[in-house]
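Peer 1: no letters, just coordinates:
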Ligand SMILES: [Zn+2]
């Protein structure tokens with residue numbers, strides 16, 4: 001996966017931000033968070049976010 005150049009920040013995604021009643025958060029570098037959060041939503045909530053979708057969400061959040 002390609003990470004846009006110039007983005008090397010620590011980010012945080014919270015399940016609750018996406019309307020889940022869940023206290024799961026994932027924090028770290030972008031690739032790690034995408035991996036963790038995608039896995040969590042898939043396994044716990046049955047919703048599969050693709051890496052592309054999560055990347056869009058993250059980019060919107062950090063802007
Ligand atoms: Zn969750």
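Peer 2: Yes, it's here. These numbers come from a predicted model, not from an experiment.

Peer 1: contact residues of the chain facing the ion?
Peer 2: Within the chain, the residues that sit near the ion (C-beta under 5 Å from the ion) are 15, 20, 22, 24, 44. (C-beta placed from N, C-alpha, C; glycine too.)

Peer 1: among the residues you listed, name the buried ones.
Peer 2: Using 16 or more other C-beta atoms under 10 Å as the burial test, those include residue 15 as buried.

Peer 1: how about the residues of the chain next to the ion in TSV, adding pLDDT?
Peer 2: As requested, the residues of the chain next to the ion are exported to TSV (pLDDT from 0 to 100):
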residue	pLDDT
15	93
20	91
22	96
24	97
44	96
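
Peer 1: in helices, which of the residues of the chain next to the ion fall?
Peer 2: residue 44 (DSSP state H).

Peer 1: what's the distance between the residue sitting nearest the centre point of the chain and residue 56?
Peer 2: By C-alpha atoms, centre = their mean, the mean C-alpha position of the chain lies nearest to residue 34, the distance being 4.2 Å. To residue 56, residue 34 is 11 Å away according to C-beta to C-beta, to the nearest Å.
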